[in-house]
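Asks: Predicted structure and sequence below. I'll ask about it afterward.
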Amino acid sequence: MLEAVPMGSSRTIQTRLVLPPDTNHMSTIFGGKVLAYIDEIAAITSMKHAKMQTVTASFDSVDFYSPVRSGEVLELEAIVSSTGRTSMELYIVVHSTNIDTGVKKLTTESFVTMVAVDTNGAPQEVAPVFPETEQEKKLFESGSIRRKIRKEKREMPSKFFTL
Ligand SMILES: CC(C)(COP(=O)(O)OP(=O)(O)OC[C@H]1O[C@@H](n2cnc3c(N)ncnc32)[C@H](O)[C@@H]1OP(=O)(O)O)[C@@H](O)C(=O)NCCC(=O)NCCS
């Protein structure tokens with residue numbers, strides 16, 4: 001087994017300005033735009049942790065809490081919240097700030113599973129993580145419950161439809 005590293009060692013922060021093409025007819029950001037940003041920061045963070053290429057295995061949950069308007073600033077923060085043998089669970093939180101009022105809001109929260117792969121796409125072992133702060137401890141300790149839910153979901157029958 002690889003040596004465990006602090007959760008914070010691959011923490012990543014990205015800042016984005018929300019522009020008119022990113023928004024819909026209500027001048028609020030497209031959910032898909034936020035998903036693309038989440039996918040990108042999950043990839044960067046997981047690659048920093050795994051020290052190799054990673055792929056997105058699943059978007060486990062995404063919750064949109066408040067709309068974001070054109071001209072606001074998005075701040076995305078990602079951390080490896082727990083690991084399996086080759087998979088990493090990423091926790092991503094997104095805040096928006098209105099520059100004129102200074103009001104900062106929680107916008108989106110997401111858990112994503114990324115898998116480390118070699119050049120042939122075969123899953124590779126990753127180092128475990130350990131928490132250091134109180135918040136990290138809560139995230140880390142609840143990881144086993146989320147892993148169990150993911151496992152149960154994957155065991156449920158699916159692919160019902162032929163489209
Ligand atoms: C993710 C992928 C590498 C898994 O490959 P696989 O042959 O199923 O490998 P395994 O069954 O050995 O699973 C490897 C790990 O991925 C996890 N995993 C696989 N599918 C998963 C899913 N749908 N959700 C969450 N975790 C998943 C497994 O639990 C395992 O984790 P562990 O080693 O920590 O226990 C493969 O399905 C793949 O390449 N998918 C496409 C990825 C991609 O292209 N993403 C971009 C968007 S399309």
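Replies: In hand now; what should we look at?

Asks: Let's see the pLDDT reported for the nearest residue to S66 once chain neighbours are set aside.
Replies: Ranked by Cβ to Cβ, 6 or more residues apart in numbering and with sequence neighbours excluded, the top spatial neighbour of S66 is K105, at 4.8 Å. Every residue, glycine included, has its C-beta placed from N, CA and C. Here, the pLDDT recorded for K105 equals 98.

Asks: Ok, K159 next?
Replies: 74.

Asks: cool, and M1?
Replies: On the pLDDT scale, M1 gets 89.

Asks: what sits against E75?
Replies: By Cβ atoms under 8 Å, 6 or more residues apart in numbering, the residues touching E75 are I13, Q14, T15, R16, V94, H95, S96, T97.

Asks: Out of those residues, which comes closest to M47?
Replies: Q14 (13.9 Å; Cβ to Cβ).

Asks: secondary structure class for the closest one?
Replies: Following DSSP: H, G, I helix; E, B strand; the rest coil, Q14 is assigned to strand.

Asks: Let me know whether it touches Y37 as I believe.
Replies: Yes - between Q14 and Y37 there is a contact under Cβ atoms under 8 Å: 7.1 Å.

Asks: tally of neighbours for the closest residue to R150 other than its chain neighbours?
Replies: Closest residue to R150 apart from its sequence neighbours, by Cβ to Cβ, 6+ apart: D60 at 6.1 Å. Neighbour count for D60, taken as other Cβ atoms under 10 Å: 16.

Asks: residue contacts, D60?
Replies: Contacts of D60 (Cβ under 8 Å, 6+ apart): E89, S110, F111, V112, T113, R146, R150.

Asks: Could you name the specific helix or strand carrying it?
Replies: Secondary-structure assignment from DSSP states H and E places D60 in strand 54-64.

Asks: Using CSV, list the CA coordinates for that strand.
Replies: Written as CSV, here are the backbone C-alpha positions of strand 54-64 (Å, rounded to 0.1, in the frame of the first residue of the first chain):
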residue,chain,number,x,y,z
THR,A,54,-7.3,10.2,-14.0
VAL,A,55,-10.8,9.8,-15.5
THR,A,56,-14.2,10.7,-14.3
ALA,A,57,-16.0,7.5,-13.1
SER,A,58,-19.2,9.2,-11.8
PHE,A,59,-20.8,12.4,-10.7
ASP,A,60,-22.1,11.1,-7.4
SER,A,61,-24.1,14.2,-6.3
VAL,A,62,-24.5,17.8,-7.4
ASP,A,63,-26.6,20.3,-5.5
PHE,A,64,-27.3,23.8,-6.8
